[in-house]
Structure formats: structure tokens, C-alpha cells
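A.B. asks: requesting a structural model of the entry that follows:
(one chain, ligands or ions: 1)
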Amino acid sequence: MYERIVLRHVRLVTDQLVDLTIDQGIITSIVDANLGHDANLASEVNEVNEVNEVNDANLANEVNEVHTANLVLEGKSTHEVSEKEVTELDIAPLPSQEIYEDERKDSKVKVVQGAGLYVSSGWIDMHVHAFSDLHPYGDEIDEIGVWQGVTTIIDAGSCGADRIAELYHRAGHARTNVLAFLNISKLGLTRIDELTNMEWIDLNRAAEAVQHYAEFIVGLKARISASVVGSNGIEPLIKAKELSHMTGLPLMVHIGSGPPVIEEVLNYLDYRDIVTHYLNGKANNLFDTEGEPLPELGAALKRGVHLDVGHGTASFSFEAAELARLHGIRPRTISTDIYRGNRLQGPVYSLAHVMSKFLYLGYSLSDIIDAVTIHAAQWLHRPELGRIQVGDSANLTLFEVKEEEILLTDSEGVNRIGTSYIQAKGAIIHDTFIEC
Ligand SMILES: [Zn+2]
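C.D. replies: Residues are numbered from 1 along each chain as shown. Below is the predicted model of the structure:
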């Protein structure tokens, strides 16, 4: 879409201001906007010298822009940029917080003036429902992806072996990157009691799907709560572990009301398995009646079990979240469990809105951003999804932190007033820019 995208004076969560240039979808330069040198501190000596000259001269903003443009030019590795193009980029400073498109005829250059704008690697939502045909647990991929500043979504078991091919093909037509947990029930969420009949767990067909869509399926999904498993209790989880051993893929386990009791569920989970809905406020949650975390939770964390938020319509409680914070039980990943209903009517709305609840809870902005970038990328074994690096394909989210009050409602209907919130402003995937 754009030959070049320039982000000027955008802020990293470390508070460092950078100028970032993307050519033909590849990040070609990241420059410290104040110091003028390479933001990775791996700058060449001549670049630093030039910066000192400019700083010594104490020149006005416009001159700094020219200088930055030159550095961008020097930083380029794969594409030549003519002097004329560089001059065209040296326009007057823009009003703050405004994203605009260069007005030139063919409009192949996008310039974003970043005062107040943050940039991070593209957000990753580890728990969504992205298969639009399904009700209630379905939605359009890009509605819950790039339009909300989320560049990568992981569908959490909307499909089992029966329909995973359809999800895979639809993902190919979306702008958002899509990966999937395969539901251990071949039915997926075509019904919401998908584990009440053990015949719906077909290990061989599931293993075939995993093999066929090896790049797409990143794990297995098992919803282990009373309304989903019916009278089968822990049996579906035992099957899920068997499939996990067959395929080498970790499990994402949805927890909720028992039976089975949560202690038993936790005891089955191993390194890299995920507990989603870990802050649910139901009777069978991760805290005892005194508000103390269960010993089985501590043991699971020692084994390397990964805690995911999966807010959802019914699975996030401020009370549980405050207990977790008090006891230092942090989210490894913050995710939404978003689908049409809870996106439009709440209490989820968007990943940014869920992240804002963690601002309210007192987590730092950088911890919150890590939970939707680096941590998810590490779990996925896709480090490139969690970093900003010259030479990488662009995968970025632009956002603001608004210092305004916001009403936050949990899944129990409990309200809190936050004093600031996160708002997605844009997503960049390769050479595409999507304004939110
Ligand atoms: Zn879900």
C-alpha cells in the first residue's frame, strides 16, 4: 500500500522518542528523536558526530526534521531514496496527535506525527473468537484484529477438526495475522457443550488437522468447566493431555465452574500449558474462601504453566484481579476472549479496554504492553512478533494513553473508575497502515 511510512517522534514504552521509517513494508531505520542517533545505540560514529553538530548549533525544529530525514536516508539499506523525495518529507511540523496522509498526488508516503503517540510491536490477543458464522462465540477477524490495533489474534478453539480448514482459509483473506488453538472437540463451538459427548473427541482426526495446518495451529483448546463437559468431569482433560503428547502442542485450558474441581484441573497442567480466564470470579476459581491463592496454583506456576486473562463475558472479576495483584500472581498474557456480543455490549469492547483495567489495577504501562507483545511472542516461539527491529517486516501498534476518567465494568457487573486508559490509534502490518 505505502512505499514509505514515517513515524515521527513516537514514544516507546521506555519513554524514548524515536523516528521510525518503513520502506516497502520493512523497518529501515529507528532513530532516537532527541539524540538523533540510532535508537538501538548501535549507531555509527559519523551519525553521532553529525547529531552533535546539529545539537551544538541549537537549531530549530524544522532543521532537526531535515537532519532526521538525512539520517533516515543514511540508514536505508535496500532502497534508494532521491533527494527530491527527502525534501518532500521535510514539511512543517504537524499538529500533535494527528495521523495524516501525505497530500501528494499518488500518496505513496504516509507520515505520522507522533506527539503523544506510543508505538509498540503489534499487539497479540491470545484468546479471541474469530469465526464469524458461530453464535454466540464468533466475530469478524479484522473487527477484533487490526481495526482495534491488534495485529495478531489467536483464535481460542472456535473450531475443531470439522471446520478448522474454513477458519484457515478465511484467515488468508484477512489483514490481521491469525493463528489458532484447535478445539479438542471436533465440533468446536458449533455448540457450547462441545465436550459432553466423548465421541466428539476424535484424537486421530485432531492430530491429522494439527499436521495439516502445522504453521497455523499453535496449541489445543479444552474448555474444562461444568456446562461444557457435563457428566464427563475430568475425562476430556485426560484426552486433551493425550492429544498434547501425540502432537507435541501445549494446551490452553478454559477454567470456570466445577466440577471438575480446579485443583484437579491444575494438577494436569505442565510447562507451557495455558490457564485462560485465570481471574474469573466464580466459586471454583484460583483463590480459596480466605482469598489466598490455591497451593495447586503455586505448584503449577513452578512447573511453567502460563496465566492468561481471557476476560470474556463471564471470566474477569476485579476482586480476583486485586487478590492476584496482592499476591504477585501476574498475567503472563492479557487477552480478551472477544466475540461479537461482548465487543458491542461489553464488558470486553476491545483489547485496549481490557488492558486499561490493568492500568487501573496498578500495573505499569510497560508491563501491560509486554503482556500483549513480548510474552505472547515468546510463548508462540515467534520472537519477531514481539520486537521492533531494523530489517524486520513492520508489525506495529500505535496507541495513546488518555489521562481521562473511564468507567470499567467487570464480568460480575462491578464498576470501577479508572483515571487513564489506553486507546489504539493505528496498526501497521508490512506496508499497510490501518487507522483505528
Ligand atoms: Zn473463549
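A.B. asks: correct me, but Leu407 touches Ile417?
C.D. replies: Yes: with contact defined as CB atoms under 8 Å, Leu407 counts as touching Ile417 (6.3 Å). For glycine as for every other residue, the C-beta is placed from the backbone atoms N, C-alpha and C.
A.B. asks: what touches both of those two?
C.D. replies: Between them, Leu407 and Ile417 share no contacting residue under CB atoms under 8 Å, 6 or more residues apart in numbering.
A.B. asks: now do the contacts for whatever residue of the stretch 301-436 of the chain ends up closest to the ion.
C.D. replies: Relative to the ion, the nearest point of the stretch 301-436 of the chain is Asp337 (4.1 Å; CB to the ion). The contact partners of Asp337, by CB under 8 Å, 6+ apart, come to 127-129, 156, 276-277, 310-313, 315, 348.
A.B. asks: mind checking which of those residues land in strands?
C.D. replies: Those of these mapping onto strands are 127-128, 156, 276, per DSSP state E.
A.B. asks: wait, what's in contact with the nearest residue to the residue of the stretch 301-436 of the chain closest to the ion once chain neighbours are set aside?
C.D. replies: Spatial nearest neighbour of Asp337, excluding adjacent residues (CB to CB, 6 or more residues apart in numbering): Gly312 at 3.4 Å. Residues near Gly312 by CB under 8 Å, 6+ apart: 127, 277, 336-337, 342, 348, 411.
A.B. asks: quick one: low-confidence parts of the protein?
C.D. replies: 37-107 (pLDDT under 70).
A.B. asks: redo that, cut-off 50
C.D. replies: Regions of the chain meeting the criterion pLDDT under 50 cover residues 41-98, 102-103.
A.B. asks: quick one: buried ones out of the contacts of Asp337?
C.D. replies: With neighbours counted by 16 or more other CB atoms under 10 Å, those contain buried members at 127-129, 156, 276-277, 310-313, 315, 348.
A.B. asks: for Glu143, state which of these is nearest.
C.D. replies: Distance to Glu143 across the buried ones among the contacts of Asp337 (CB to CB) is lowest for Val128, with 10.1 Å.
A.B. asks: and the residue lying closest to that closest one once chain neighbours are set aside, how many neighbours?
C.D. replies: What sits nearest to Val128 in space, not counting adjacent residues and going by CB to CB, 6+ apart, is Ile153, at 4.5 Å. Residues within reach of Ile153, counting by other CB atoms under 10 Å, total 32.
A.B. asks: contacting residues around Ile153?
C.D. replies: Counted by CB under 8 Å, 6+ apart, Ile153 has contacts 124-125, 128, 130, 141, 144-145, 176-179.
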